[in-house]
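Undergrad: here's my sequence, what's the structure:
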Amino acid sequence: MFPSPASCVALSSGGISPGPSSSSSPRLFVRHPRLAIFTLALAGVGATFRYVSATIRNNEQAQKSSPGSRFYVSVDRSGGGI
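TA: Here you go, the predicted structure:
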C-alpha cells in the first residue's frame, strides 16, 4: 500500500495527486442521476433568481436616472396596487 516511485516523482514535481477524490466526483453523478438532475435544477433556479434580480435593479436605476425622474416613486413607497 505504499506509493510507487513514479507517483512520488509526480507528487514532488507538482503533479496531480492520485486518490479516490479525483475520480469519485463524476462517478457520484453517474450512480445517482437524480442527484445530478437536482443539482442542475438548483443551479438553474439560482441563476434565474440572480438574472431577475439584476434586471429589476437595472430597471429601477434606469427609471431613477431618466429625465422625468422627479415624478418617480419606487414601488416600495407607492402604496401597492389598485
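Undergrad: pLDDT below threshold where in this protein?
TA: Residues of the chain meeting the criterion pLDDT under 70: 1-24, 69, 71-82.
Undergrad: please enumerate the helices of it.
TA: 5-12, 20-31, 33-64 (DSSP state H).
Undergrad: same list (these) but as CSV, adding mean neighbour count and distance to Arg70.
TA: Just so you know, the C-beta spots here come from the backbone N, C-alpha and C atoms, and that holds for glycine as well. Listed next are those as CSV, based on neighbours: other Cβ atoms under 10 Å; distance: least, Cβ to Cβ, whole Å:
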stretch, mean neighbour count, distance to Arg70
helix 5-12, 11, 67
helix 20-31, 10, 55
helix 33-64, 10, 11
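Undergrad: OK, contacts around Ala36?
TA: Phe29 (Cβ atoms under 8 Å, 6 or more residues apart in numbering).
Undergrad: from Ala43, how far off is it?
TA: As defined by Cβ to Cβ, to the nearest Å, Ala36 lies at a distance of 11 Å from Ala43.
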